[in-house]
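Q: Kindly return the folded structure for what I paste below:
(one chain, ligands or ions: 2)
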Amino acid sequence: MSGPAYLRRILIVGSGAREHALALALHEHELVIAPGNGGTAQVGRNVDVAVNDVPGLVALAERERIDLVVIGPEAPLTLGLVDALAERSIAAFGPSRAAARLEGSKAFMKDFLRRHDIPTAAFAVFDDAEEAKAHVRAAGRPLVVKADGLCAGKGVVVSSSAEEALDAIERMMVAREFGEAGATVVIEELLPGEEASFHVVCDGTRAVALVAAQDHKRVFDGDRGPNTGGMGAYAPAPIVTEAVHAEVMRAVVGPTLRGMAAEGAPFRGVLFVGLMIDNGTPRVLEFNVRFGDPETTVLVPMLDGDWFELLDGSARGDLGGFTAGTKPGAALAVVMAAEHYPAKPTTGDRIDGLDRAIRAGAFVLHAGTRLDGDAVVTSGGRVLTVGAYASSLAAARGLAYEAVSGITWRGEHHRADIGHRALAR
Ligand SMILES: Nc1ncnc2c1ncn2[C@@H]1O[C@H](COP(=O)(O)OP(=O)(O)O)[C@@H](O)[C@H]1O
Ligand SMILES: [Mg+2]
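A: Ligands and ions are numbered 1, 2, ... in the order given. Down below sits the predicted model:
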């Protein structure tokens, strides 16, 4: 290895704005990104290995003499990438395959919450469609139907009638719209309240909490229209008061880390707790075992600490010496999407105005982009995440939208109301 002693060789797995944000957080080191995007190509070296290609990623890490692998998306975690790397003694940020079941199987996750008395919506698990339908008919009230396995955010139906819930069961369990992921379903009670994204970086026993964030899942202003991967985010989320934060650590994070360790799958990596908060009481909607996207784009500028030490400490199972805090102020980020996203996004459009936005003090994170000579062109549905860190949420919003307004391509659309819940308070 060349360079100063602190310089590490890091492989980042993924291709979204989340991975570009992590790349910028780790930019002092030597970065390889697989497969990366048009933005990560400007901070490190992209290598075209797919995120699901576990043997290919292990071979890449060995060939590049990587010190730390940072895994963005959930799929390689549930496929056992961390375990495969550990067999070659390569450190990786993320949970083992066994610990990744907290996201990979909603039935496992819900049973785990019940075993450890962690607050969540009441539920039942079914692997028989007729029994699931009988449960819905007997309930006589709106319920939430969730496919057990990974469905890229499309496997949950919050029903407003029994018919809708029955239809969801039919599509998931009988028509197998999501393949094996829908063979088992979780049916749960509808929880009232407001959602928040609570991330803790864990080393198996200890947890470092990051600032709470909120995202915006619907495509249109006012939280209307179809669900997306996320159209924007901000932090801090005022709904997560100090009391709520303390309660999440006491009633959710503590028992989860102790429970996973006791069950032989200690949790390392980042646990993203999806919360529903009602009158100051937090309940778990779901766990993700990786950073949120878009949340990461606002978590990165808000951390007052060293990202390498945080991720490496987690990977090595020792966050004991890690100290960090949250910066004052706020960060807000807006997703700029391609025409017809989320249905069938158009790609191949040339993006203009990127330099202007960066000059204005905003951050511009790439997701669905690729370099075409000197030009940056669109290559996916969520194209860019453009945001800012400032002394207040209103100021961050002003800077972010100023930058957004300078970036253009044919068919671009974004939400104009990111942060509306917090700003209305
Ligand atoms: N029990 C529930 N009560 C109310 N809304 C819910 C409930 N479960 C899920 N939702 C809504 O559905 C969304 C997706 O559910 P979630 O469990 O996070 O699954 P995934 O992110 O894997 O699709 C949540 O962000 C929330 O808006
Ligand atoms: Mg979710």
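Q: Give the buried residues for the helix or strand that Val404 is a member of.
A: In the assignment (DSSP states H and E), Val404 maps to helix 393-406. For helix 393-406, a neighbour-count test (16 or more other CB atoms under 10 Å) marks Leu393, Ala396, Arg397, Leu399, Ala400, Tyr401, Glu402, Ala403, Val404, Gly406 as buried. For the C-beta atoms, the positions are set from N, CA and C on the backbone; glycine is no exception.
Q: what does the stretch 151-300 of the chain put close to ligand 1?
A: Counting by CB under 6 Å from any ligand atom, the residues of the stretch 151-300 of the chain close to ligand 1 are Gly153, Gly155, Val156, Val158, Glu188, Leu190, Leu191, Glu195, Gly274, Leu285, Glu286.
Q: what's the nearest residue to the fourth one if we skip its chain neighbours?
A: In this case it means Val158. The shortest distance from Val158 to any non-neighbouring residue, by CB to CB, 6 or more residues apart in numbering, is to Val144 (5.1 Å).
Q: Repeat that for the second one.
A: Leaving aside its chain neighbours, Gly155 sits nearest to Ala147 (3.4 Å; criterion: CB to CB, 6+ apart).
Q: quick revisit: filter the residues of the stretch 151-300 of the chain next to ligand 1 to the buried ones?
A: Gly155, Val156, Val158, Glu188, Leu191, Glu195, Gly274, Leu285, Glu286.
Q: would you turn those residues into CSV with distance to Ala243 and secondary structure?
A: Supplementary listing: these in CSV, determined by distance: CB to CB, whole Å; DSSP: H, G, I helix; E, B strand; the rest coil:
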residue, distance to Ala243, secondary structure
Gly155, 33, coil
Val156, 29, strand
Val158, 27, strand
Glu188, 25, strand
Leu191, 19, coil
Glu195, 18, strand
Gly274, 19, strand
Leu285, 19, strand
Glu286, 22, strand
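Q: Could you dump those into JSON lines with pLDDT added?
A: Shown next, in JSON lines, are those (pLDDT from 0 to 100):
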{"residue": "Gly155", "pLDDT": "94"}
{"residue": "Val156", "pLDDT": "95"}
{"residue": "Val158", "pLDDT": "94"}
{"residue": "Glu188", "pLDDT": "98"}
{"residue": "Leu191", "pLDDT": "97"}
{"residue": "Glu195", "pLDDT": "97"}
{"residue": "Gly274", "pLDDT": "98"}
{"residue": "Leu285", "pLDDT": "98"}
{"residue": "Glu286", "pLDDT": "98"}
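Q: As TSV, these with distance to Val47 would be great.
A: As requested, these are arranged in TSV below (distance: CB to CB, whole Å):
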residue	distance to Val47
Gly155	31
Val156	34
Val158	40
Glu188	41
Leu191	42
Glu195	36
Gly274	32
Leu285	35
Glu286	32
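Q: Take the residues you listed and lay them out in a markdown table including distance to ligand 2.
A: What follows is these, written out as a markdown table (distance: CB to the ion, whole Å):
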| residue | distance to ligand 2 |
| --- | --- |
| Gly155 | 10 |
| Val156 | 7 |
| Val158 | 11 |
| Glu188 | 13 |
| Leu191 | 13 |
| Glu195 | 9 |
| Gly274 | 5 |
| Leu285 | 7 |
| Glu286 | 5 |
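Q: which among those residues gets closest to Pro55?
A: Distance ranking of these against Pro55, using CB to CB, places Gly155 first at 27.5 Å.
Q: Confirm that Val386 sits in a helix.
A: No. Checked against DSSP: H, G, I helix; E, B strand; the rest coil, Val386 lies outside a helix; its state is strand.
Q: For it, the count of nearby residues, please.
A: 30 (other CB atoms under 10 Å).
Q: check contacts around it.
A: For Val386, the contact set (CB atoms under 8 Å, 6 or more residues apart in numbering) comprises Ala333, Val334, Met336, Ala357, Ala362, Phe363, Val364, Leu365, Ala400, Ala403, Val404, Ile407.
Q: Throw those residues into CSV and include distance to Ala324, thanks.
A: Written out in CSV, the entries for the contacts of Val386 read as follows (distance: CB to CB, whole Å):
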residue, distance to Ala324
Ala333, 21
Val334, 26
Met336, 30
Ala357, 28
Ala362, 24
Phe363, 20
Val364, 25
Leu365, 21
Ala400, 24
Ala403, 27
Val404, 29
Ile407, 32
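Q: got CSV for the residues you listed, with pLDDT too?
A: Supplementary listing: the contacts of Val386 in CSV, determined by pLDDT from 0 to 100:
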residue, pLDDT
Ala333, 98
Val334, 98
Met336, 98
Ala357, 81
Ala362, 93
Phe363, 96
Val364, 97
Leu365, 98
Ala400, 97
Ala403, 95
Val404, 97
Ile407, 96
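Q: Quick check: the most centrally placed residue in the chain vs ligand 2, distance?
A: Taking CA atoms, centre = their mean, the centroid of the chain lies closest to Gly292, which sits 1.7 Å from it. Using CB to the ion, to the nearest Å, we find Gly292 at a distance of 8 Å from ligand 2.
Q: what sits against that residue?
A: If a contact means CB under 8 Å, 6+ apart, then Gly292 has Arg18, Ser197, His199, Ala213, Asp215, Gly230, Ala233, Phe272 as its contacts.
Q: And the helix or strand of the chain with the lowest mean pLDDT, what's buried?
A: Comparing every helix and strand of the chain by mean pLDDT, DSSP states H and E singles out helix 354-359 as the least confident one, with a mean of 82. Along helix 354-359, these residues count as buried under the neighbour rule (16+ other CB under 10 Å): Leu354, Ala357.
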